[in-house]
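Chemist: using only what follows, build the 3D model:
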Amino acid sequence: MTSKILVTGDVDGNMATLFKKIDSVNKKAGPFEMVLCVGSFFGVGNLGWQDYKSGRLKVPIPVYILGPNSKDEVGCYPDLNGSEICENVIYLGKQGSFTTNEGLRIAYMSGVNSEDPLAAKEYNYSIQNLQSLESSLRWDDSRYQGVDILLTSDWSRGIGNRTQPHAQVKDSEVGSPLVSRLALLCRPRYHFCGLHGENYERTPYRNHQSGAEQARHTTRFVALARVGNKEKKKWMYAFNITPMKNLERGELVSQPPGVTDIPFTQQDIEIQGEKKQQFFYDMNAKMEEEDGKKKKRKNENNDGGGGKKAPSGPCWFCLSSAEVEKHLIISVGEHSYLAMAKGALTADHVMILPIGHHQCSVNLPEEVSEEIDRFKSALRKMLKKHGKVPVYFERNYKTQHLQIQVVPVIKEDANLVTKQFLDEASSRDIDLNEIPSHVPVGQLAVQGQPYFLVDTPNKETLFGRVNPGFPIQFGRDVLCGPDLLDMPDRVDWRNCQLSKEEETDQVKEFRKKFSPFDFTME
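Modeler: Numbers count the residues shown, from 1 in each chain. Here you go, the predicted structure:
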C-alpha cells in the first residue's frame, strides 16, 4: 500500500504558516497520512502555537517532530523521552524507530552532534544514541534490509562527495560523522534533514559496493529550508512511498539514472577519540569491538528473530525451557504460542507469549509481532461467538518474558473497560492515559523503562510508565471490580490455582472452542 507523506524543514516557531500550508496542500493534493518535520520545530515567539496547544485550532493531520537543537528549545518539550505535545503533534523522542499501519519503517535521531558523550546536553546526541538505535533496528542481523525513512536534524558529513555538493553548506565542516555512520548502517531509502536553511537534493547513492556486493536499494538525501523563508527556498517535500516490505526485490533494488557509489569515506564516519574501525569491507560491521574481536549476536533457535536477550535465570515461558508447564499450552505458531493462564480468572483467561525470549512487546521482531496479532484476531472472533470481547493487557514490570494476558468480559461491558482502568489508576495515582491510535507505543516506551499497557475491546490503547511500587495485580484488580467480572476474591492468582488434572481439562475444553479459529492448523 502506497503512503502519501509530507516533510518540512525547520519550522522555527512559524506554526501559523506551517499549519496553513499543510491544510491547503492536504485539501488540494491529499489526503496525506502524516507530516514529518526535521530541524528545529520551536523558535522565537512560536507564533500561533498557543491556539493549537489549547485546542482552539486543530492540526489537520498527524505531525511528527524531532527534539530540541539548542538550550532555548528544551523548555518547549514537556517530556524529552517523547510525547504528544498537543493533539496531532507528536514529539518522537531522542532516537528510535517505528512502523506505521501501512508498514513504513521510520527511524530518527533528534538533536545536534556531541562527540563527547560525557559533555552531551539535553539537545545533543552521541555515540550512545547510535548504539541504542543499533539495538532497536538490529542492522547487524543478516536479514536486515534497511528503513524506508531516516529523520535527523544534522546533515551527514561527506554527503556531497562523488556528486555536485551544495554551494553554501560545507558538509565537511558542519556535517555530523555520527549521522553519516547512521545513514551508512541503517540504509534508508530517504534521508531528510534541516538546520542550515538550505534545500539540497542529492543524486541517489547506492547502499552496496558495485560489483562486490549484492545489489541493494538506493538512498535519496533531501535537506529542506526553513518554513516560510523569504528567499522562497523549498521547505516542503511531498512524495508517495510504498513500504520496502511490500516491494518485489527487482523493484526495490532498481538503480535510477545518475546513481553514485556510497559517498562516505572512512574519514567521514570517524569519531574523535574513538578506536579506528573499518566499515567499508563489511557493510554489516558492528559498531564496537573488544580486544580486536567482533561481538556476535547468537540466534541458535528458530524462534522469531534476532536480538533476543538471554534470560537471567530459568524462564517459565520460553517454550524450549524445562520450566514450561506444557499441559497449559493450547496452540503453537511459528513465533508465538497460546497458553492457559496459571491461576486464571475465568475458564477462558489465556496468555499470548513469544516462543523465544523477548521481555516486552516494544521492538519485537516484525514476524513475532504479526503472529501475536493473528492470535489476538482469532481470539476476538472466537469470543464474539460466545457473546464476549477480549481485554488484552501487558505488565512490563518485574517480569522477564512478555506475557499478553487475555481476559474476556461480556460484550455489554465493553464500553466500561476504559473508564474502569482510568478511574482505578487515578485513584491510586498511577500514570495511565489513553493514547491516540496513530501514536506507536514504541515511541512512548523508553528503552528499559517499565510500563503497563491495555488494549480495550473498543480498540482503545491505554499506556502508562511504571514507577517502583506499582501494584503487580493491577490489571486483575480492575477486571475483578464490581462493574466488570465482580470477583474480588480472585485478584491474587494464587487464590485461583487448580490441580494439574483440572488445568488439563480446562485446556482441552478451550482448545475445542478455539480450534475453528486456530490459524496454526491451516
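
Chemist: pLDDT (mean, whole number) over the lengthiest strand in the chain?
Modeler: If you go by DSSP state E, the chain has its longest strand at strand 388-396. When pLDDT is averaged along strand 388-396, the result is 96.

Chemist: what does stretch 355-372 give?
Modeler: On average, stretch 355-372 scores 89.

Chemist: quote the end-to-end distance of it.
Modeler: End-to-end distance of stretch 355-372: 11 Å, with C-alpha to C-alpha, to the nearest Å as the criterion.

Chemist: what residues sit buried inside that stretch?
Modeler: Across stretch 355-372, burial judged by 16 or more other C-beta atoms under 10 Å covers 355-365, 368-369, 371-372. Just so you know, the C-beta spots here come from the backbone N, C-alpha and C atoms, and that holds for glycine as well.

Chemist: on that earlier part again, strands paired with the longest strand of the chain, and their directions?
Modeler: Strand pairing for strand 388-396, using DSSP bridges, gives strand 404-410 (antiparallel), strand 451-455 (antiparallel).

Chemist: so can I have JSON lines of those strands showing mean neighbour count and distance to residue 245?
Modeler: JSON lines is the format used below for these (neighbours: other C-beta atoms under 10 Å; distance: least, C-beta to C-beta, whole Å):
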{"stretch": "strand 404-410", "mean neighbour count": "21", "distance to residue 245": "23"}
{"stretch": "strand 451-455", "mean neighbour count": "23", "distance to residue 245": "23"}
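
Chemist: and those as JSON lines, adding distance to residue 110?
Modeler: As requested, the strands paired with strand 388-396 are exported to JSON lines (distance: least, C-beta to C-beta, whole Å):
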{"stretch": "strand 404-410", "distance to residue 110": "30"}
{"stretch": "strand 451-455", "distance to residue 110": "21"}
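
Chemist: those: which one's closest to residue 329?
Modeler: strand 404-410 (14.5 Å; C-beta to C-beta).

Chemist: next secondary structure element downstream of the closest one?
Modeler: Using DSSP states H and E, the helix or strand that follows strand 404-410 towards the C-terminus is helix 417-427.

Chemist: just the buried positions in the helix or strand just after that next one, please.
Modeler: Next helix or strand after helix 417-427 toward the C-terminus (DSSP H and E): strand 433-435. Buried positions in strand 433-435, judged by neighbour count with 16+ other C-beta under 10 Å: residue 435.

Chemist: pairing partners for strand 433-435, with directions?
Modeler: Strand 433-435 has its sheet partners listed here by DSSP bridges as strand 461-465 (antiparallel).

Chemist: and residue 374, what is it in contact with?
Modeler: 333, 519 (C-beta atoms under 8 Å, 6 or more residues apart in numbering).

Chemist: please repeat the previous calculation with a cut-off of 10 Å.
Modeler: 333, 335-336, 352, 518-520 (C-beta atoms under 10 Å, 6 or more residues apart in numbering).

Chemist: most neighbours among these, please name it.
Modeler: residue 336 (29 neighbours; other C-beta atoms under 10 Å).

Chemist: tell me how many other residues surround residue 258.
Modeler: Neighbour count of residue 258, defined by other C-beta under 10 Å: 8.

Chemist: which non-adjacent residue is nearest it?
Modeler: Nearest non-adjacent residue to residue 258, counting by C-beta to C-beta, 6 or more residues apart in numbering: residue 203, 5.1 Å away.

Chemist: low-confidence stretches in this structure?
Modeler: 211-213, 272-314, 438, 446-448 (pLDDT under 70).

Chemist: longest single helix anywhere in it?
Modeler: helix 366-385 (DSSP state H).

Chemist: angle of that helix against strand 404-410?
Modeler: Between helix 366-385 and strand 404-410, the angle comes out at 20 degrees (axes from the mean of the first three to the mean of the last three C-alpha atoms, to 10 degrees).

Chemist: circling back: from the chain's centre, how far out does the longest strand of the chain sit?
Modeler: Its chain's C-alpha centre and that of strand 388-396 lie 20 Å apart, by C-alpha atoms, centre = their mean, to the nearest Å.
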